[in-house]
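Peer 1: Let's see this in three dimensions:
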Amino acid sequence: HHVSKTGGHLASNLGVVELTVALEYCFDLPKDKIVWDVSHQCYPHKLLTGRKEGFITDEGMKKISGYTNQDESEHDFFKVGHTSTAVSLASGLAKARDLKNEKHNVIAIIGDGSMTGGLAFEGLNNTAYYNNNLLIVLNDNHMAIDNPVGGLSEYLVKLTTSKTYNRWRYKISNWMRKMGWLNEKNKGNLIRKSNSLKAVLTNQHNIFEGLNIRYIGPVDGHDIASLVKIFREIKDYKGPKVLHLKTTKGKGFKPAEESAAEWHAPGKFDKETGKRYIPPITKDTPPLFQDVFGHTLLELARANDKIVGITPAMPSGCSMSFMMQEIPERVFDVGISEGHAVTFSAGLAKEGMMPFCNIYSSFMQRAYDNVIHDVALQNLDMVLCLDRAGLVGADGATHHGAFDLSAFRCVPNLTIASPMNVIELRNLMYTASLPGHGPFMIRYPRGKGVLLD
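Peer 2: Next up is the predicted model:
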């Protein structure tokens, strides 16, 4: 009801209702600490941690943001709005807890495509190395890991989370230590052999067990009773562990279940019919900057077969979807990996292609080194398009594109342009597509352009 009136993230929040209820029920918050990756799925968490007024009254709404925010509540620990950060953040919280000889739980919730980001894997690798007592909940809404097959895998989920299994597992490991068969030197090798046997039995392999991170799942993420049981049984396991949940993005609202991408942040809509509110377009309505970018890119690509489009998981948001529909073989969605998007584009440019790499200004901060080292110092002909430059309104502080000019003005060989209207955007895109100019950055704001008389 709230999102239908105000806009905001819908499908991602509907997908974690049961997970949130189970978490809040089983853990002692805020002593136990939860870190939500991206945190665009934190509405249920806010409702259950004293902020329901923000979803009921206009005055209450002014006091809360759409993401976690430690200034709002002791139940939030970071202002989070970028992806793939939760494992690293939670790993630091867990290590600090150990250094202070404290005993509380730390939980990282990651999913919704965030596992495609390199920082997530850096966090996993480091967590495994330091053997942090950390629970990582993988909220898999069909964007990451394949579905399991066979009844044996379901049986092993129940077996490996049972108290009896883990009691015997603990006794056997202690006996092996006493016999001198298990020590820190060969522990990793034995775990790998155990994981290999499990992979054969279940016909599935996963990267977590390859990193010696204990893996539990997959589990139905919408079964509250099962989630409560599992959380109670695994919350005190030693060392890092991953609980893999299968969830449905948009759960409980049929339009969002059927088209989760469109209902990720749908704007205002009729909650009864599911009809989304689309402002009327007249001859006096300015087009959106991102739509002008998308249509112009397609127009240029039709005339120049060297033009390619690159986006880190935002084809609809930046309107590169127009080119993707007509010339899919020349558009590359590289997942949530901004640094890779830039460096991948550099490789394309080196071989004579003309990449248009579109990344939101706020997210381009994560590719700063890639722009300097892999693009600017190589003086490559390519175009970096910074959508959502400047202030972005309701998206909030983590999404403001307020730093790109200060950050990139000092970069050598880089031309920076900021069109004052959509006609200038079109002209600059044409100019940037010509050879011989080196790296060319075009920054433009979110929302409607400006109509000329």
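Peer 1: Report the contact partners of the residue nearest to Gly81 when sequence neighbours are not counted.
Peer 2: Nearest non-adjacent residue to Gly81, counting by CB to CB, 6 or more residues apart in numbering: Thr398, 2.6 Å away. Any C-beta I mention is one placed from the backbone N, CA and C, and that applies to glycine too. Under the criterion of CB atoms under 8 Å, 6 or more residues apart in numbering, the neighbours of Thr398 are 67, 79-82, 362.
Peer 1: Arg446 now?
Peer 2: Shown in contact with Arg446 (CB under 8 Å, 6+ apart): 289-290, 387-388, 390, 392-393, 395.
Peer 1: those strands in the stretch 351-453 of the chain, which residues are they?
Peer 2: For the stretch 351-453 of the chain, the strands defined by DSSP state E, counting those that start in this stretch occupy 354-360, 382-387, 415-417, 439-443.
Peer 1: Same question for the chain.
Peer 2: 33-36, 106-111, 135-140, 214-220, 241-246, 307-311, 331-333, 354-360, 382-387, 415-417, 439-443 (DSSP state E).
Peer 1: by contact count, what packs against the fourth one?
Peer 2: Counting contacts by 3 or more CB pairs under 8 Å, 6 or more residues apart in numbering; DSSP states H and E, strand 214-220 is packed against helix 151-160, helix 207-210, helix 224-234, strand 241-246.
Peer 1: For that strand, buried residues please.
Peer 2: Using 16 or more other CB atoms under 10 Å as the test for burial, strand 214-220 gives 214-219.
Peer 1: Dump these to a markdown table, plus distance to Cys410 and pLDDT.
Peer 2: Below are the buried residues of strand 214-220 laid out as a markdown table (distance: CB to CB, whole Å; pLDDT from 0 to 100):
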| residue | distance to Cys410 | pLDDT |
| --- | --- | --- |
| Arg214 | 46 | 87 |
| Tyr215 | 45 | 86 |
| Ile216 | 48 | 87 |
| Gly217 | 47 | 81 |
| Pro218 | 47 | 83 |
| Val219 | 49 | 89 |
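Peer 1: with those in mind, which one is nearest to Cys42?
Peer 2: Lowest distance from Cys42 to the buried residues of strand 214-220 (CB to CB) belongs to Val219, with 21.2 Å.
Peer 1: quick one: that closest one and Ala376, what's the gap?
Peer 2: For Val219, the distance to Ala376 equals 46 Å [CB to CB, to the nearest Å].
Peer 1: re earlier: now the contacts of Thr398 as CSV including distance to Glu338, pLDDT and neighbour count?
Peer 2: Converted to CSV, the contacts of Thr398 look like this (distance: CB to CB, whole Å; pLDDT from 0 to 100; neighbours: other CB atoms under 10 Å):
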residue, distance to Glu338, pLDDT, neighbour count
Tyr67, 18, 91, 25
Lys79, 19, 90, 16
Val80, 16, 90, 22
Gly81, 14, 88, 22
His82, 9, 88, 21
Ser362, 10, 93, 23
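Peer 1: Is it possible to get a markdown table of these that adds distance to Pro44?
Peer 2: A markdown table is the format used below for those (distance: CB to CB, whole Å):
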| residue | distance to Pro44 |
| --- | --- |
| Tyr67 | 14 |
| Lys79 | 19 |
| Val80 | 16 |
| Gly81 | 18 |
| His82 | 21 |
| Ser362 | 25 |
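Peer 1: Between the contacts of Arg446, which sits nearest Ile109?
Peer 2: Distances from Ile109 to the contacts of Arg446, taken by CB to CB, are shortest for Asp395, at 20.5 Å.
Peer 1: Burial check on the closest one, number of neighbours?
Peer 2: 20 (other CB atoms under 10 Å).
Peer 1: same question, the one 4 residues further on
Peer 2: One way to gauge burial is a neighbour count; for His399, by other CB under 10 Å, it gives 21.
Peer 1: same thing with Ser259?
Peer 2: Residue neighbour count, defined by other CB under 10 Å, stands at 15 for Ser259.
Peer 1: Against Pro286, how distant is the residue lying closest to it once chain neighbours are set aside?
Peer 2: Once flanking residues are discounted, Ser259 sits nearest to Gly250: 7.9 Å by CB to CB, 6+ apart. Distance of Gly250 to Pro286, given as CB to CB: 31 Å.
Peer 1: what do you get for Ala417?
Peer 2: From Ala417 to Pro286 the distance is 20 Å (CB to CB).
Peer 1: what about the helices in the stretch 251-400 of the chain?
Peer 2: For the stretch 251-400 of the chain, the helices defined by DSSP state H, counting those that start in this stretch cover 254-258, 289-303, 321-326, 338-350, 361-364, 368-370.
Peer 1: what's the most buried one of those?
Peer 2: Counting by mean count of other CB atoms under 10 Å, helix 361-364 has the highest mean neighbour count of those, with a mean of 26.
Peer 1: who does it touch, helix- and strand-wise?
Peer 2: Counting by 3+ CB pairs under 8 Å, 6+ apart, helix 361-364 packs on strand 382-387.
Peer 1: ok, Leu434 - how many residues close by?
Peer 2: Leu434: 11 surrounding residues under other CB under 10 Å.
Peer 1: before we move on, what about Val334?
Peer 2: Look at Val334: counted by other CB under 10 Å, it has 19 neighbours.
Peer 1: thinking again about what came up before, please point out the stretch among the helices and strands packed on strand 214-220 with the lowest average pLDDT.
Peer 2: If you rank the helices and strands packed on strand 214-220 by mean pLDDT, helix 151-160 sits at the bottom with a mean of 49.
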